[in-house]
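> any chance you could fold what I've pasted below:
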Amino acid sequence: MRTRVDLPVEGMTCGACSAKVARTLDGLDGVEVANVSLASARATVVFDDDRVSAAEFEAAIAGIGYSVPERDDHDENEQAWIRTVTRRLVVGAVLTIPVMAVSMVMALQFDGWEWLALALTAPVVAYSGIGFHTSAFTNARHGSVNMDTLVSIGSLAAFLWSTVALLAIDDPHVYFETAAAIITLILLGKYFEARAKRRSGEALRALADLGARTATLEDGTELPVEDLAVGMRFVVRPGEKIATDGRVVDGSSAVDESMLTGEAVPVDKVPDDEVIGATVNADGRLVVEATRVGADTALSQIVRMVDEAQGDAAPVQRLADRVSSVFVPIVMGIAALTLAGWFVTGHSAEDAFTASVAVLIIACPCALGLATPTAIMVGTGRGAQLGVLIKGGEVLERTRSVDTVVFDKTGTLTEGRMQLVDVTVPDGDETALLRAAASLEAMSEHPIARAIAAGVDEHDRVEDFENQRGRGVVGTVAGTEVRVGRRLLFDDVPDDVEDAAVAQEAQGRTAVLAGRGGRAEGVLSLADTVKDEAAEAVRSLRDMDLDIVLLTGDNQRTAEAVAEPLGITRVRAEVLPDDKLDQIRTLQDEGRVVAMVGDGVNDAPALAQADLGIAIGTGTDVAIEASDLTLVSGDPRGVADAIALSRRTLSTIKGNLFWAFAYNTAAIPLAAFGLLVPMIAAGAMGFSSVFVVTNSLRLRRFRSRRA
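Sure thing, here's the model as predicted:
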């Protein structure tokens with residue numbers, strides 16, 4: 001039988017590690033798909049359980065030097081790892097700075113300064129660098145190498161040679177600062193990676209927190225939501241969250257489902273209507289019979305979809321990790337050949353070791369350690385100034401070929417709340433009717449009523465107020481009976497009022513009738529208005545040759561009413577949360593690289609599935625956590641800024657990595673032939689670091705497209 005399992009994997013430190021785990025799992029008989037995510041530290045395996053078992057996966061992963069912890073321990077281990085990396089980085093930075101100063105500033109040097117450098121560097125190599133050394137040793141035992149191997153060998157070579165030279169050679173050249181700098185700079189990158197991995201699980205934790213904690217049964221008994229069973233009846237008072245999916249058996253109310261459906265208008269519920277767990281009861285008392293509990297609820301299904309979308313994402317292979325699988329063994333081989341070649345040609349041991357160490361030092365990834373972190377720090381810092389939050393380096397790689405931008409409607413291109421946009425009174429005083437209707441609606445807590453009430457500054461006194469569920473409200477204003485609501489609330493709806501209501505509904509608006517004495521006199525039109533910046537946002541993206549798609553849970557007519565003035569021709573309406581996920585997958589199956597822009601809980605699975613998820617910062621925490629980029633201000637024009645800045649930052653990282661490798665590769669032959677002593681090699685490596693930093697700082701000049 002076809003089965004899916006998710007396994008936490010610990011010990012992976014780079015893209016080469018995740019690729020090795022994936023290859024190992026793919027090689028097992030019965031495995032159909034094996035995706036390994038470095039970001040979430042998890043392996044997702046689809047397999048035939050008649051041919052292979054989950055226990056064999058754990059054994060295979062352990063066999064190549066990694067581990068599968070207990071699920072309950074994984075989160076705790078992740079936090080412990082962040083604390084460990086932080087401690088090692090702090091120790092490394094505190095000791096490396098004085099080593100660099102005394103080694104590179106002649107004015108600070110004194111007799112015997114080399115011994116101080118040795119004393120300060122030893123803890124950096126032994127304590128701060130222990131993770132690199134352990135990883136290199138583990139990979140060596142299994143016949144493989146990764147970036148940690150190069151870090152370990154380079155730092156140990158510089159440290160050990162400097163120590164030997166200090167003990168055995170008069171007036172030695174020492175490279176303690178090189179050993180310390182390599183470890184500290186690479187640890188800086190590890191720190192950012194660890195923080196990014198921690199964030200990858202926050203979307204699921206935020207989703208789990210949305211649901212109600214307790215439920216009140218009909219007899220007044222309060223019990224935890226997890227103890228609810230299908231068939232139990234519970235009470236939902238105004239303002240409370242609905243405990244679980246169910247069916248209304250008594251009462252009526254408006255329920256705010258926007259957190260799950262994206263609909264701005266609350267939905268009226270009467271007996272026999274279905275309700276969704278975690279949505280909010282607005283203004284009435286409901287008795288609900290549970291129909292789905294636990295893992296079967298709509299909220300649980302969304303949690304599962306976000307989980308699967310994150311787990312199915314292809315692992316990010318950083319350029320440095322891909323090249324290191326070839327680069328590291330080649331450098332090691334060249335260093336060994338250099339050592340042997342100098343011995344064979346009759347040179348002294350000092351000359352032989354000097355040349356071979358120069359090869360290792362010039363190949364050390366000092367600039368590589370700066371290439372990604374500095375560009376990310378400058379790029380994300382500039383993004384923050386522009387209201388764009390970028391969640392780490394993995395995000396940037398996904399922007400390089402985005403060709404389609406999918407917008408959610410409610411709260412993204414629109415304001416996300418109902419507003420009174422028009423008052424039509426075919427035969428009468430619009431101002432007087434609006435004041436009477438607003439005064440009456442001010443007595444109600446319904447979101448539509450609040451929007452109408454906000455239409456005037458002052459309200460008249462209301463008497464005999466009555467809320468007729470599913471119909472509207474009735475009351476006496478200034479001695480006259482006033483009614484506001486649906487058609488069936490009125491005794492007489494003239495043809496011209498009906499025509500006005502139909503015309504407003506044809507534009508995707510919500511039409512509410514208002515009148516006095518049982519006769520409808522006019523139409524109050526409400527809509528979720530389009531943001532002022534939406535048109536410019538769409539135009540900017542078109543200028544970047546990107547296709548635009550509008551995706552919404554709203555009805556087709558309303559969706560088209562929003563899309564048409566914005567110039568969006570591709571509209572996919574009336575889609576549920578799982579349908580949004582399927583729509584993104586469909587576009588990806590067509591070969592498109594998709595950026596999804598949304599703000600609601602219902603958008604979270606689609607944001608996680610998309611190649612690039614962009615959340616509106618004024619939306620829900622779940623959408624923000626499931627996304628890759630966040631627009632703090634809620635201004636949709638920031639989407640173009642986000643994509644442009646991400647692409648520029650990624651381009652900078654690629655340039656940094658290229659030049660970091662180019663410096664090393666070009667200088668290796670010079671070092672091997674003795675034309676580049678270790679001191680000059682260290683200087684060349686330092687210059688490459690300066691170049692990388694300077695190149696990254698150019699991102700500070702990035703200009704917003706809004707400017």
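> now the strands for the stretch 551-700 of the chain?
Under the criterion DSSP state E, counting those that start in this stretch, the stretch 551-700 of the chain contains strands at 570-572, 594-598, 612-616, 629-631.
> test my guess that A451 contacts S525.
No. Taking contacts as Cβ atoms under 8 Å, A451 lies outside contact range of S525: 10.6 Å. Glycine gets a C-beta too; all of them are placed from N, C-alpha and C.
> dump the strands of the stretch 551-700 of the chain into TSV; add mean pLDDT and mean neighbour count as well.
Listed next are the strands of the stretch 551-700 of the chain as TSV, based on pLDDT from 0 to 100; neighbours: other Cβ atoms under 10 Å:
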stretch	mean pLDDT	mean neighbour count
strand 570-572	89	15
strand 594-598	90	30
strand 612-616	84	30
strand 629-631	78	26
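> nearest to L299, of those strands?
Across the strands of the stretch 551-700 of the chain, the minimum distance to L299, taken as Cβ to Cβ, is reached by strand 594-598, at 16.9 Å.
> now do that closest one: distance to the chain's middle.
Centroid displacement of strand 594-598 relative to its chain, using Cα atoms, centre = their mean, to the nearest Å, is 11 Å.
> show me what that strand is packed up against.
Here strand 594-598 touches strand 404-408, helix 577-589, helix 604-609, strand 612-616, helix 638-672, going by 3 or more Cβ pairs under 8 Å, 6 or more residues apart in numbering; DSSP states H and E.
> okay if I get the ones you listed as TSV plus distance to F159?
Converted to TSV, the helices and strands packed on strand 594-598 look like this (distance: least, Cβ to Cβ, whole Å):
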stretch	distance to F159
strand 404-408	50
helix 577-589	48
helix 604-609	44
strand 612-616	42
helix 638-672	18
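> quick one: the closest residue in space to D628 that isn't next to it in sequence from G613, how far?
Computed as Cβ to Cβ, 6 or more residues apart in numbering, the closest residue to D628 that is not its neighbour in sequence is V395, at 4.1 Å. Distance, V395 to G613, using Cβ to Cβ, to the nearest Å: 9 Å.
> thinking again about what came up before, nearest to G333, of the helices and strands packed on strand 594-598?
Using Cβ to Cβ, the helices and strands packed on strand 594-598 put helix 638-672 closest to G333, at 10.9 Å.
> per-residue confidence averaged over that closest one?
On average, the pLDDT along helix 638-672 is 82.
> with stretch 551-563 instead?
79.
> likewise for stretch 414-433?
Stretch 414-433 shows a mean pLDDT of 87.
> and it, how far apart are its ends?
28 Å (Cα to Cα, to the nearest Å).
> which residues are in contact with it?
258, 264-265, 410, 434, 447-448, 451-452, 454-455, 494, 496-497, 500, 504, 509-510, 514-516, 521-531, 534, 562, 599, 618-619 (Cβ atoms under 8 Å, 6 or more residues apart in numbering).
> generate a ChimeraX selection restricted to the buried subset of those.
Here is the ChimeraX selection string for the buried members of the contacts of stretch 414-433, based on 16 or more other Cβ atoms under 10 Å:
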select :258,264,265,410,434,447,448,451,452,455,497,500,504,509,510,514,515,516,521,522,523,524,525,526,527,528,529,530,531,534,562,599,618,619
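> out of the contacts of stretch 414-433, list just those in helices.
Residues of the contacts of stretch 414-433 located in helices (DSSP state H): 258, 434, 447-448, 451-452, 496-497, 500, 504, 534, 562.
> give me the beta-bridge partners of V477?
Taking DSSP bridges as the rule, V477 bridges to V462, T480.
> need the contact list for it.
436, 439-440, 460-463.
> and the gap between it and V5?
Taking Cβ to Cβ, one finds V477 at 64 Å from V5.
> just the element for the residue nearest to A93 when sequence neighbours are not counted, please.
Excluding the flanking residues, the one nearest A93 by Cβ to Cβ, 6+ apart is T184, at 5.6 Å. Using DSSP states H and E, T184 maps to helix 176-199.
> what segments of the stretch 151-300 of the chain are helices?
176-199, 202-208, 258-261, 298-312 (DSSP state H, counting those that start in this stretch).
> quick one: average confidence on the last one?
Yep, that's helix 298-312 we're talking about. Regarding helix 298-312, the rounded mean pLDDT is 60.
> also the second one?
Averaged across helix 202-208, pLDDT comes to 60.
> can I get stretch 608-616 as PDB, trimmed to CA atoms?
Provided in PDB are the C-alpha atoms of stretch 608-616 (Å, rounded to 0.1, in the frame of the first residue of the first chain):
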ATOM      1  CA  ALA A 608       3.800  27.500   1.500                       C
ATOM      2  CA  GLN A 609       3.400  25.600  -1.800                       C
ATOM      3  CA  ALA A 610       4.300  28.500  -4.100                       C
ATOM      4  CA  ASP A 611       7.800  28.900  -5.300                       C
ATOM      5  CA  LEU A 612       7.700  32.300  -3.600                       C
ATOM      6  CA  GLY A 613       5.200  33.100  -0.900                       C
ATOM      7  CA  ILE A 614       4.500  36.900  -0.200                       C
ATOM      8  CA  ALA A 615       2.400  37.800   2.800                       C
ATOM      9  CA  ILE A 616       0.700  41.100   3.500                       C
END
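> how far off centre is that stretch?
7 Å.
> thinking again about what came up before, what sits in contact with each of V395 and G613?
Residues within reach of V395 and of G613 at once, by Cβ under 8 Å, 6+ apart, are 628-629.
> how about stretch 127-138 as PDB, C-alpha atoms only?
The C-alpha trace of stretch 127-138 is given here as PDB (Å, rounded to 0.1, in the frame of the first residue of the first chain):
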ATOM      1  CA  TYR A 127      35.700  24.900  20.800                       C
ATOM      2  CA  SER A 128      34.100  27.200  18.200                       C
ATOM      3  CA  GLY A 129      35.200  24.900  15.400                       C
ATOM      4  CA  ILE A 130      34.300  21.600  17.000                       C
ATOM      5  CA  GLY A 131      31.200  21.300  14.900                       C
ATOM      6  CA  PHE A 132      33.100  21.600  11.600                       C
ATOM      7  CA  HIS A 133      35.700  19.100  12.800                       C
ATOM      8  CA  THR A 134      33.100  16.600  13.900                       C
ATOM      9  CA  SER A 135      31.200  16.900  10.700                       C
ATOM     10  CA  ALA A 136      34.300  16.500   8.600                       C
ATOM     11  CA  PHE A 137      35.300  13.400  10.500                       C
ATOM     12  CA  THR A 138      31.800  11.900  10.200                       C
END
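> now do the buried residues in it.
For stretch 127-138, the neighbour count (16+ other Cβ under 10 Å) marks 128-129, 131-133, 135-136, 138 as buried.
> what do you get for stretch 134-154?
For stretch 134-154, a neighbour-count test (16+ other Cβ under 10 Å) marks 135-136, 138-139, 144-154 as buried.
> which one of those residues sits closest to T558?
Checking the buried residues of stretch 134-154 against T558 by Cβ to Cβ gives M147 as the nearest, at 51.8 Å.
> re the thing from before, can I get the ones in helices among the contacts of stretch 414-433 in a markdown table with distance to A278?
Listed next are the ones in helices among the contacts of stretch 414-433 as a markdown table, based on distance: Cβ to Cβ, whole Å:
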| residue | distance to A278 |
| --- | --- |
| S258 | 12 |
| L434 | 36 |
| P447 | 18 |
| I448 | 22 |
| A451 | 24 |
| I452 | 28 |
| D496 | 43 |
| V497 | 39 |
| A500 | 38 |
| Q504 | 32 |
| A534 | 29 |
| V562 | 26 |
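> which one among these sits at the bottom for pLDDT?
Across the ones in helices among the contacts of stretch 414-433, the smallest pLDDT goes to S258, namely 66.
> where do the helices of the stretch 1-150 of the chain begin and end?
15-26, 54-63, 71-104, 113-123, 130-141, 147-168.
> these: which one's closest to A672?
helix 147-168 (14.4 Å).
> now do that closest one: which elements does it pack against?
helix 113-123, helix 130-141, helix 176-199, helix 319-344, helix 349-363.
> still on that earlier bit, just put the strands of the stretch 551-700 of the chain in JSON lines and tack on distance to L360.
Shown next, in JSON lines, are the strands of the stretch 551-700 of the chain (distance: least, Cβ to Cβ, whole Å):
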{"stretch": "strand 570-572", "distance to L360": "56"}
{"stretch": "strand 594-598", "distance to L360": "43"}
{"stretch": "strand 612-616", "distance to L360": "39"}
{"stretch": "strand 629-631", "distance to L360": "39"}
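> with that, I have no additional questions.
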